[in-house]
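*Asks:* From the sequence below, what's the structure:
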Amino acid sequence: MSHGVVSFIWGLAFGLYIWLGGLAVGVSGATAFVFGAVAGFLIFLYVMVYGTDVPRRQPGRRVERER
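*Replies:* Got it, this is the predicted structure:
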C-alpha cells in the first residue's frame, strides 16, 4: 500500500476514535466531530511526515582493487 493511503487510514481511525470517545463521555455531537476531524487531519500529517522508515545504510566492506 502507498504511504499516503496508510497515513489516511491512521488519521481516519484515530479521528473516528476521538469522535466516538467524545460522544461517549457526553460532548455534544458537533464539538466531538470537530475535535475528531481536526485530530484526524493532524494525525494524518504526522504519519505522512514521520511515519516512514528510512532504510539505514549498511556498512559494507570496501574491496580495494589490486592493479
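*Asks:* For the residue positioned nearest the centre of the chain, which non-adjacent residue is closest in space?
*Replies:* Compute the mean C-alpha point of the chain, and by CA atoms, centre = their mean the closest residue is Val47, 2.5 Å away. Closest residue to Val47 apart from its sequence neighbours, by CB to CB, 6 or more residues apart in numbering: Ser7 at 4.1 Å. Placement of C-beta: from N, CA and C, glycine included.
*Asks:* close enough to count as contact, that neighbour and Phe44?
*Replies:* Yes. At 5.2 Å, Ser7 counts as touching Phe44 under the criterion of CB atoms under 8 Å.
*Asks:* which element is the residue nearest to Val47 on?
*Replies:* Secondary structure from DSSP states H and E places Ser7 in helix 3-24.
*Asks:* hmm, who's touching whichever helix or strand comes after that helix?
*Replies:* As assigned by DSSP H and E, the chain's next helix or strand after helix 3-24 is helix 29-50. Helix 29-50 has contacts (CB atoms under 8 Å, 6 or more residues apart in numbering) with 3-4, 6-8, 10-12, 14-23, 27.
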